[in-house]
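Trainee: dropping a prediction and its sequence here:
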Amino acid sequence: MASDFAAKYGPWALITGASDGTGLAFARRLAGEGINLILVARSADKLAAASAEIAGLGVECLTASVDLSAPEAAARIAEAARNREVGLLITNAGADPNGSRFLDGDIAAWDGLVTMNVNTTMRLAHHFGQGMKARKRGGMILVSSGACYGGLHGIAAYCASKGFVLNFAEGLWAELRHVGVDVLTLVLGRTDTPAHRKILEESGQAIPDDMASAEEVAEIGLRQLPHGPIWNWGQENDVAGMAPNSPDDRRAKIEYIERMMPSYEVEH
């Protein structure tokens with residue numbers, strides 16, 4: 001018998017960035033609720049391993065190897081899902097792999113980052129959200145980052161794209177809460193994932209011992225889904241300190257974060 005969670009958000013969930021880290025942690029928890037899964041990521045090998053694990057938990061599991069930064073990514077994902085009833089969408093991919101200042105990187109890299117975090121996210125929400133609205137049930141978790149609250153040194157395009165996710169998710173929540181569809185933007189801090197570890201190691205930074213675990217993120221994200229539009233990791237939903245509004249406060253925050261990012265040299 002399907003769980004109450006599956007009755008609300010099933011029978012299928014689609015997760016991007018699902019081959020490891022928080023995406024795979026979401027998949028494990030949803031499989032435990034009896035929800036079938038469509039796992040999307042770029043690496044076919046990692047997806048195959050994730051699919052084998054999830055299939056062993058007693059649910060159906062499909063995979064789609066898609067580059068989320070490509071213009072046709074959302075269309076390819078929709079085609080892979082076909083006519084399956086997706087009651088839960090989790091857009092979990094979106095780390096910045098570039099590791100450079102805006103003007104030091106090729107513009108194509110920033111185009112890809114914005115396509116992944118903005119266009120692909122928007123198009124997936126539009127495609128799968130239409131079915132949820134018609135059925136008057138379902139949910140979306142748009143995973144974001146604390147970078148969404150302001151522009152920061154060395155990750156300008158990333159901050160901007162995550163700012164879109166924050167405002168887009170809140171707008172969707174306002175539109176869909178009246179028709180039985182839940183929307184949550186899950187704003188993460190430092191989380192222990194393979195992608196995050198790779199970025200830290202390549203930039204010569206130490207691995208912090210206070211990072212959130214992927215399993216904790218998945219557990220709390222799914223628990224908070226009915227209570228949108230936002231959950232700030234470790235902030236007890238107090239947004240005031242995350243998003244200062246005065247020019248002096250915003251400047252101070254940007255300069256503080258800059259001092260905390262030794263992998264980037266400050267130009268004078």
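Mentor: Looks like it arrived, so ask away.
Trainee: now residue 182: which helix or strand?
Mentor: strand 181-188 (DSSP states H and E).
Trainee: contacts for that strand?
Mentor: Identification of contacts with strand 181-188 by Cβ atoms under 8 Å, 6 or more residues apart in numbering yields 22, 129, 132-133, 136-146, 148, 165-166, 169-170, 172-173, 176-177, 212, 217, 220-221, 224-233, 235, 242. In short, each C-beta sits where N, CA and C put it, glycine included.
Trainee: mind listing what residue 34 touches?
Mentor: By Cβ under 8 Å, 6+ apart, the neighbours of residue 34 are 2, 3, 6, 10, 58, 59.
Trainee: ignore the last one, residue 174
Mentor: So residue 174 contacts residue 229 (Cβ under 8 Å, 6+ apart).
Trainee: let's see 10 Å
Mentor: Applying Cβ atoms under 10 Å, 6 or more residues apart in numbering, we find residue 174 in contact with 183, 228, 229.
Trainee: now residue 68: phi and psi?
Mentor: Residue 68 adopts backbone torsions of phi -70, psi -10, taken as degrees, to the nearest 10.
Trainee: give me the neighbour count for the residue nearest to it when sequence neighbours are not counted.
Mentor: What sits nearest to residue 68 in space, not counting adjacent residues and going by Cβ to Cβ, 6 or more residues apart in numbering, is residue 116, at 4.5 Å. For residue 116, the neighbour count with other Cβ atoms under 10 Å is 23.
Trainee: on that earlier part again, ok, of the contacts of residue 34, which come out buried?
Mentor: Among the contacts of residue 34, those classed as buried by 16 or more other Cβ atoms under 10 Å are 6, 10, 59.
Trainee: for the first one, give its distance to residue 67.
Mentor: This points to residue 6. Residue 6 sits 30 Å away from residue 67, going by Cβ to Cβ, to the nearest Å.
Trainee: once you drop chain neighbours, what's closest to residue 145?
Mentor: Per Cβ to Cβ, 6+ apart, closest to residue 145 is residue 162, 5.0 Å.
Trainee: which phi and psi does that neighbour have?
Mentor: Taking degrees, to the nearest 10 as the convention, residue 162 sits at phi -70, psi -30.
Trainee: which ones among the contacts of strand 181-188 are found in helices?
Mentor: 22, 129, 132-133, 165-166, 169-170, 172-173, 176, 217, 220-221, 224 (DSSP state H).
Trainee: most neighbours of all the residues you listed, which one?
Mentor: Of the ones in helices among the contacts of strand 181-188, with other Cβ under 10 Å as the count, residue 22 tops at 29 neighbours.
Trainee: correct me, but that residue touches residue 221?
Mentor: Yes: counting by Cβ atoms under 10 Å, residue 22 does reach residue 221; the two are 8.1 Å apart.
Trainee: mutual contacts of the two, please.
Mentor: What both residue 22 and residue 221 touch, as defined by Cβ under 10 Å, 6+ apart, is the set 90, 92, 143, 186, 188.
Trainee: of all those, which comes closest to residue 124?
Mentor: residue 90 (9.9 Å; Cβ to Cβ).
Trainee: that closest one belongs to a strand, doesn't it?
Mentor: Yes: note on residue 90: a strand contains this position according to DSSP: H, G, I helix; E, B strand; the rest coil.
Trainee: would you mind confirming that it makes contact with residue 143?
Mentor: Yes: judged on Cβ under 10 Å, residue 90 makes contact with residue 143 at a distance of 7.0 Å.
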